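**Student:** Okay, sequence plus prediction incoming.
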Amino acid sequence: MKRLVAVLAGAACGVVGAFAVACFSDRGAGPSINPAAECTVPVSVIDSMHYVVAIQNFGFHPDSIAVPVGATVTWVNCEPNGTEPHTTTSDNAVWDSPELNPGDRFSHKFAAQGAFPYHCTPHPFMIGKVVVQ
């Protein structure tokens, strides 16, 4: 029995590891990010100038974030494979990502202060805001 449990646990780790490699490939732009931290909810602060917003369960997590001027925000699509793509699209035409499939990411550097509301174009109920202080 112990051997069976060990074999099943090893197989599960292999499947999870394969998924993690597939999900966090370098298909998107942005700073180097620890793959284990990419889909952490709420936001993962990489350092004082790099932030991550997870796209998960058809929402942005967190949906509002405050960052300093000059910071880069990276959105990572953490949805399971097969889920429809999402975008991160500024309401005031500051940025517009391409469609992000699961595992894709998109980054934007914020050079000026202000409030920057955004949404997902295919799913307009998905909304968020970046406040640059």
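**Tutor:** Cool, the structure landed.
**Student:** Quickly find the element holding Ala93.
**Tutor:** Using DSSP states H and E, Ala93 is not contained in any helix or strand.
**Student:** mind starting the numbering at 778 from now?
**Tutor:** Happy to do that; since the first residue is 778 now, the last one works out to Ala870.
**Student:** I'd like to know how far it sits from Asn834.
**Tutor:** Ala870 sits at a distance of 27 Å from Asn834 (criterion: C-beta to C-beta, to the nearest Å). For glycine as for every other residue, the C-beta is placed from the backbone atoms N, C-alpha and C.
**Student:** Tell me which of the two has more neighbours.
**Tutor:** Asn834 (12 against 7; other C-beta atoms under 10 Å).
**Student:** Please read off the pLDDT at the more buried one from the model.
**Tutor:** Looking at Asn834, its pLDDT reads 95.
**Student:** What sits closest to it if chain neighbours are left out?
**Tutor:** Nearest residue to Asn834, sequence neighbours excluded (C-beta to C-beta, 6 or more residues apart in numbering): Glu856, at 7.8 Å.
**Student:** what sits against that neighbour?
**Tutor:** Residues near Glu856 by C-beta atoms under 8 Å, 6 or more residues apart in numbering: Ile832, Gln833, Asn834, Phe835, His863, Pro879.
**Student:** Got the phi and psi for it?
**Tutor:** Note on Glu856: backbone dihedrals following degrees, to the nearest 10 are phi -70, psi 160.
**Student:** Can you say which of the contacts of Glu856 are buried?
**Tutor:** Among the contacts of Glu856, those buried by neighbour count (16 or more other C-beta atoms under 10 Å) are Ile832, Gln833, His863, Pro879.
**Student:** For the third one, report the pLDDT, please.
**Tutor:** If I follow you right, that is His863. 98.
**Student:** Identify the residue nearest it in space, chain neighbours excluded?
**Tutor:** In space, and not counting its chain neighbours, His863 is closest to Cys897: 4.7 Å by C-beta to C-beta, 6+ apart.
**Student:** count of residues packed around that neighbour?
**Tutor:** Neighbour count of Cys897, defined by other C-beta under 10 Å: 24.
**Student:** Look up the pLDDT of it for me, please.
**Tutor:** For Cys897, the pLDDT comes out at 98.
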